[in-house]
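In: Here is a sequence with its predicted model. Questions after.
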Amino acid sequence: MKAFRKSLLFVAVFFLATTFASSKVIKLKGTWGVGRSVTEKPIKGNIEDNNGNLQLDFLRDLGNVVVTISDAGGNIVYQQGVFAEEGIPLIVSLEELSIRKGIVSVSDGNNTVWGEFSY
């Protein structure tokens, strides 16, 4: 009976942890690099459902890029130049920007990827 309670407690904790730590993947479109489509994905994007943080993970060094977030009406609510390095994520609070739906784009002037999001 004691083992059953421990198992039940483990399942409950696991369920709660996965419920509160869920995120939505932002499917990026566009191209990055000469002749390469975004299927090689130099950037991954997701939104944490529990806190509204948009996170961009750079999977290789991209150098200077501009990250732009627009609301559903096309108004730019965030634009920042960053030095994109592999392993260093960019996190933007969508709650602080008062935005729940929009488009995020990343560009270095020659390459651009973008994706729609909502949470």
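Out: Received it, and whenever you're ready, just let me know what you need. Residues are numbered from 1 along each chain as shown.
In: next SSE after the helix or strand bottoming out on mean pLDDT in the chain?
Out: Across the helices and strands of the chain, mean confidence by mean pLDDT, DSSP states H and E is lowest for helix 2-20: a mean of 48. Moving toward the C-terminus from helix 2-20, the first helix or strand encountered (DSSP states H and E) is strand 23-26.
In: Please list the residues outside that following strand that contact it.
Out: 44-49, 54-55, 104, 115-119 (CB atoms under 8 Å, 6 or more residues apart in numbering). From N, CA and C alone the C-beta is placed, and that goes for glycine too.
In: and after it, which helix or strand comes next?
Out: Next helix or strand after strand 23-26 toward the C-terminus (DSSP H and E): strand 29-31.
In: I'd like the mean pLDDT over that following strand, please.
Out: For strand 29-31, the mean pLDDT works out to 90.
In: Now do the following helix or strand past that strand: distance to the chain's middle.
Out: Later in the chain than strand 29-31, the nearest helix or strand by DSSP H and E is strand 43-48. Here the centre of strand 43-48 is set off from its chain's centre by 2 Å, with CA atoms, centre = their mean, to the nearest Å.
In: residues contacting the residue nearest to residue 83 when sequence neighbours are not counted?
Out: Closest residue to residue 83 apart from its sequence neighbours, by CB to CB, 6 or more residues apart in numbering: residue 64 at 5.8 Å. Contact analysis of residue 64 by CB under 8 Å, 6+ apart lists 81, 82, 83, 84, 108.
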